[in-house]
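> sequence-free structure coming up:
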């Protein structure tokens with residue numbers, strides 16, 4: 001009898017042991033944190049390096065960094081989130097547009113004052129509602145739109161670079177002289193993006209918002225549309241960048257610049273790594289301050305943010321990894337290795353040692369960094385506005401129709417206005 005009891009007791013212990021092992025395995029699986037990441041340069045690679053460091057300090061939590069094309073972030077992630085699916089964390093740029101999907105991790109953050117002090121100036125960009133005090137993530141870096149110039153072509157043409165307060169019109173004149181003298185395909189190209197377009201528009205006096213805080217098309221915006229279409233028609237701007245795609249599809253101009261097809265491009269600080277890598281010693285390039293209009297000399301601030309998502313099944317572990325990435329030492333490591341502008345207040349004040357930056361890249365980072373002080377308040381407001389794509393997307397599609405001759409500029413502006421109003425109404429439902 002005692003032998004039977006002993007066997008039963010032994011069997012029970014074995015079953016219990018197996019159950020505990022199984023429970024442990026399930027627990028380990030539950031602590032996996034998936035991070036959806038896109039990269040302009042090496043951002044996902046550096047994140048994966050930091051994830052290994054985090055895992056060493058936090059046994060039992062597995063960080064999986066899924067590197068995806070930027071198009072996936074723009075087009076597929078919103079669909080996944082709307083369907084209740086998605087990763088724990090994502091690196092996003094449509095900050096306000098996706099905010100309804102963000103997870104407040106403040107209850108899992110011990111030092112909330114640190115986030116307020118270091119990321120407070122941009123926290124509002126991630127808030128679903130005005131005045132919201134939750135912690136939904138933080139900006140992985142700041143970016144700023146702005147131009148790059150082929151300095152070698154200017155030297156060959158013996159044309160002086162316009163000064164820091166030069167207007168867009170003055171840059172058009174100078175770049176055209178260079179293009180003609182060096183037989184370069186075009187003087188300029190702008191990224192096919194309503195975000196890029198907004199900087200010159202605000203510089204030209206576009207208020208973007210009316211007295212009620214709603215989007216509006218005013219004289220400053222209309223002036224920029226007319227200039228932009230005119231510069232395409234007279235050959236100043238490389239037509240292929242905007243006319244080469246349909247709808248509101250994004251296309252950058254940096255490839256044309258790298259290939260020597262344009263003297264000047266309007267893009268942004270996030271392209272510094274790509275320029276350093278792809279141009280090499282082909283020619284000398286420089287970033288220059290944003291040209292001026294009648295109202296400002298501004299680009300548009302922005303950047304990518306690491307955000308926690310409501311689809312997470314491991315909110316505590318998700319918060320732990322974001323807290324780790326936000327720590328000053330780790331944030332500094334990320335910024336230095338990716339050649340980005342910090343959104344961390346303390347680090348911005350101390351400065352960053354860009355260990356991988358060559359002289360041209362380091363100089364460009366200095367230009368963009370100093371340009372932050374020149375950004376218009378309207379530019380900050382526009383970047384943080386959750387319905388900004390309601391203006392950006394129809395600007396691309398309708399202006400393209402104007403520059404290829406399908407619409408007059410007045411017709412294009414009327415359609416931008418109609419599309420914009422419809423998009424805001426749809427988004428507010």
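Great, that's in hand. Computed from a prediction, not measured in an experiment: that's the story for all the values here.

> Residue 207 looks like it's in a strand, true?
No: per DSSP: H, G, I helix; E, B strand; the rest coil, residue 207 lies outside any strand segment and is coil.

> Let me know how buried the nearest residue to residue 134 once chain neighbours are set aside is, in neighbour terms.
The shortest distance from residue 134 to any residue other than its chain neighbours is 3.7 Å, reached at residue 104 (Cβ to Cβ, 6 or more residues apart in numbering). For every residue, glycine as well, the C-beta is placed using N, CA and C. Other residues within reach of residue 104, judged by other Cβ atoms under 10 Å, total 19.

> quick one, what contacts residue 104?
Neighbour list for residue 104: 134, 135, 136, 308 [criterion: Cβ atoms under 8 Å, 6 or more residues apart in numbering].

> Which residue lies nearest the spatial centre of this structure?
residue 303 (3.6 Å; Cα atoms, centre = their mean).

> would that residue count as being in a strand?
Yes: per three-state DSSP, residue 303 lies within a strand segment.

> pretty sure residue 142 contacts residue 344?
No: between residue 142 and residue 344 there is no contact under Cβ atoms under 8 Å: 9.4 Å.

> Pull up the distance across stretch 158-174, start to finish.
One end of stretch 158-174 sits 11 Å from the other (Cα to Cα, to the nearest Å).

> repeat for stretch 334-345
Termini of stretch 334-345 sit 15 Å apart (Cα to Cα).

> Check the secondary structure at residue 85 for me.
Strictly by three-state DSSP, residue 85 counts as coil.

> Tell me the spacing between it and residue 310.
Per Cβ to Cβ, to the nearest Å, residue 85 is found 11 Å from residue 310.

> picking up where we left off before, secondary structure element holding the residue nearest to residue 134?
Following DSSP states H and E, one finds residue 104 outside all helices and strands.

> sec struct for residue 217, please.
Once three-state DSSP is applied, residue 217 turns out coil.

> Looks like it contacts residue 413 (just checking).
Yes: if you go by Cβ under 8 Å, residue 217 and residue 413 touch, sitting 6.1 Å apart.

> And the contacts of residue 104, which is closest to residue 227?
Set against residue 227, the nearest of the contacts of residue 104 by Cβ to Cβ is residue 136 (38.2 Å).

> tell me which residues in the biggest strand by length in the chain are buried?
Assignment by DSSP state E gives strand 137-150 as the longest strand of the chain. By neighbour count on 16 or more other Cβ atoms under 10 Å, the buried set for strand 137-150 is 137-150.

> repeat for stretch 295-310
295-309.

> For the strand or helix carrying residue 169, name the packing helices and strands.
Using DSSP H and E, residue 169 sits in helix 168-182. Helices and strands touching helix 168-182, as assessed by 3 or more Cβ pairs under 8 Å, 6 or more residues apart in numbering; DSSP states H and E, comprise strand 137-150, helix 151-157, strand 186-190, strand 262-268.

> okay, the angle between the helix or strand just after the last one and strand 262-268?
Meaning strand 262-268. Using DSSP H and E, the next helix or strand after strand 262-268 towards the C-terminus is helix 272-279. Here helix 272-279 points in a direction 150 degrees away from that of strand 262-268 (axes from the mean of the first three to the mean of the last three Cα atoms, to 10 degrees).

> residues making contact with helix 272-279?
Residues outside helix 272-279 that contact it (Cβ under 8 Å, 6+ apart): 40-42, 148, 254, 257-258, 285, 287, 338-339, 357-358, 360-361, 364-365, 368.

> again, only this time at 10 Å
Applying Cβ atoms under 10 Å, 6 or more residues apart in numbering, the external contacts of helix 272-279 come out as 39-43, 143, 148, 150, 252, 254-255, 257-260, 265, 267, 271, 285, 287, 337-341, 354, 356-365, 367-368.

> Can you tell me which of the residues you listed are buried?
The buried subset of the contacts of helix 272-279 - by 16+ other Cβ under 10 Å - is 39-43, 143, 148, 150, 252, 254, 257-258, 260, 265, 267, 271, 285, 287, 337-341, 354, 357, 360-361, 364-365, 367-368.

> Thanks again, I'm all set now.
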